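1. pasting the sequence and the predicted coordinates here, then a few questions.
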Amino acid sequence: MPDAKHPAPPPGREAISWRSTMVGWQTVAPSAVAFHDGDRAPAELSHADLARIKAAFVASALRAQRLGFELIELHAAHGYLAAPVSLAAQQPAPRRVRRFAGEPNALSAGSL
């Protein structure tokens with residue numbers, strides 16, 4: 001919570017997808033729909049993009065296991081990729097292509 005010494009959080013503390021124009025990074029999502037009016041729309045992911053991202057998560061989890069980690073967290077809130085993909089599997093999402101939804105548990109730890 002900001003106080004008198006810190007009136008506002010620095011720009012780097014916001015989620016990347018919150019205001020992608022602030023950092024100049026191209027964000028990605030299941031569909032090319034901007035998060036807020038005035039935001040740059042994320043790039044729409046293809047099946048190949050999703051396969052590449054999943055492979056990167058799997059490789060990362062395997063590296064963590066090899067290094068002795070017993071637990072990893074896939075943060076899926078605040079607009080990060082797993083949140084919109086997993087939510088789309090559970091509810092209608094008319095602005096995106098349903099082919100990415102898959103099964104409701106498609107992004108569970110057991111699938112990685």
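-> Received, thanks.
2. and stretch 60-78, which residues are buried?
-> Buried residues in stretch 60-78, counted by 16 or more other C-beta atoms under 10 Å: none are found. (C-beta placed from N, C-alpha, C; glycine too.)
3. tell me the pLDDT at His75?
-> Reading off the confidence values, His75 has pLDDT 71.
4. tell me if it really is in a helix.
-> No - looking at His75 with DSSP: H, G, I helix; E, B strand; the rest coil, it is coil, so not inside a helix.
5. checking Lys54 next. Helix, strand or coil?
-> Of the three states, Lys54 takes helix under three-state DSSP.
6. quick one: mean pLDDT for stretch 26-38?
-> For stretch 26-38, mean pLDDT is 79.
7. so where's this structure shaky on pLDDT?
-> Across the chain, the ranges flagged by pLDDT under 70 are 1-24, 76-112.
8. let's see it at 50
-> In the predicted model of the chain, residues 17, 20, 88-94, 103-105, 107-112 satisfy pLDDT under 50.
9. buried ones in stretch 47-63?
-> Across stretch 47-63, burial judged by 16+ other C-beta under 10 Å covers Leu50.
10. distance between the ends of stretch 40-49?
-> One end of stretch 40-49 sits 19 Å from the other (C-alpha to C-alpha, to the nearest Å).
11. wait, stretch 27-34
-> Distance between the two ends of stretch 27-34: 10 Å, counting by C-alpha to C-alpha.
12. tell me which residues of it come out buried.
-> So for stretch 27-34, counting by 16+ other C-beta under 10 Å, buried means 27-31.
13. show me which of those is closest to Glu44.
-> Relative to Glu44, the closest of the buried residues of stretch 27-34 is Ser31; by C-beta to C-beta it sits at 5.5 Å.
14. which SS class is the closest one?
-> Ser31 ends up coil, using three-state DSSP.
15. ok, it to Leu45 distance?
-> Using C-beta to C-beta, to the nearest Å, Ser31 is found at 8 Å from Leu45.
16. with Arg63 instead?
-> 23 Å.
17. just the C-alpha atoms of stretch 52-61, please, in CSV.
-> Only the C-alpha atoms of stretch 52-61 are listed here, as CSV (Å, rounded to 0.1, in the frame of the first residue of the first chain):
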residue,chain,number,x,y,z
ARG,A,52,6.1,-23.8,-27.8
ILE,A,53,5.0,-22.0,-24.6
LYS,A,54,3.9,-25.3,-23.0
ALA,A,55,7.2,-27.0,-24.0
ALA,A,56,9.1,-24.1,-22.3
PHE,A,57,7.1,-24.5,-19.1
VAL,A,58,7.7,-28.3,-19.1
ALA,A,59,11.5,-27.8,-19.7
SER,A,60,11.6,-25.3,-16.9
ALA,A,61,9.8,-27.7,-14.5
